[in-house]
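S.K.: Sequence below, structure please.
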Amino acid sequence: MLRGVLGKTFRLLGYTIQYGCIAHCAFEYVGGVVMCSGPSMEPTIQNSDIVFAENLSQHFYSIQRGDIVIAKSPSDPKSNICKRVIGLEGDKILTNSPSGFFKGHSYVPTGHVWLEGDNLQNSTDSRYYGPVPYGLIRGRIFFKIWPLSDFGFLRDSPNSYRFSDD
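M.R.: Sure, this is the predicted structure:
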């Protein structure tokens, strides 16, 4: 009897570890559900919207201008940020302060991207901490799950002129 109970216990433990490993790989390499907080991506993503982030683009270096990404914050590694890619390595970016008074140019170095929120007046982004290393990107957001009224693929940036190829 004891042998039967131990056998079932170890079998259950083995299945739990296997499924845990599968779940970990799925969330780490395929993608997962993320809740975005803060006003920096309004109106595209509102505070507390739930989105799906896929992680394959980050692994295959297929992040493009205009993509919305989840990245580790350069100023606080314990938190994640949700921002739009404005520039890729080698791009020349027209930078301006949040007030819009000071303008200049920055170049995105190799292995980095330039990230900005859609709500330029209320976003802490590359205009503050500079280009973000590509290694800090965790995934690309492309689908909104909640609220159900906004269910579907994300719309274009209200600031699309910021990353045009012109």
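
S.K.: pLDDT-wise, which helix or strand of the chain ranks last?
M.R.: Per-element confidence for the chain was summarised using mean pLDDT, DSSP states H and E. The lowest value among helices and strands belongs to helix 56-59, with a mean of 63.

S.K.: measure the closest residue in space to Asn96 that isn't next to it in sequence to Leu94 for me?
M.R.: If the residues on either side of it in the chain are set aside, Asn96 comes closest to Lys103, at 4.6 Å by C-beta to C-beta, 6 or more residues apart in numbering. C-beta coordinates here come from the backbone N, C-alpha and C atoms, glycine included. As for Lys103, its distance to Leu94 is 7 Å (criterion: C-beta to C-beta, to the nearest Å).

S.K.: When the two are compared, which one has more neighbours?
M.R.: Each of Lys103 and Leu94 had its neighbours counted (other C-beta atoms under 10 Å), and the higher figure belongs to Leu94 (12 against 9).

S.K.: Report the beta-bridge partner residues of that one.
M.R.: Using DSSP bridges, the bridge partners assigned to Leu94 are His105.

S.K.: can you give me the strands in the chain?
M.R.: Per DSSP state E, the chain has strands spanning 31-35, 50-54, 68-72, 80-87, 92-96, 103-107, 112-116, 132-133, 137-146, 152-153. These are given in chain order.

S.K.: same question for the fourth one, mean pLDDT?
M.R.: In this model, strand 80-87 carries a mean pLDDT of 89.

S.K.: okay, the angle between that strand and strand 103-107?
M.R.: In this structure, strand 80-87 runs at an angle of 90 degrees to strand 103-107, with axes from the mean of the first three to the mean of the last three C-alpha atoms, to 10 degrees as the basis.

S.K.: how far is strand 80-87 from where the chain is centred?
M.R.: Between the centre of strand 80-87 and the centre of its host chain there is 7 Å, according to C-alpha atoms, centre = their mean, to the nearest Å.
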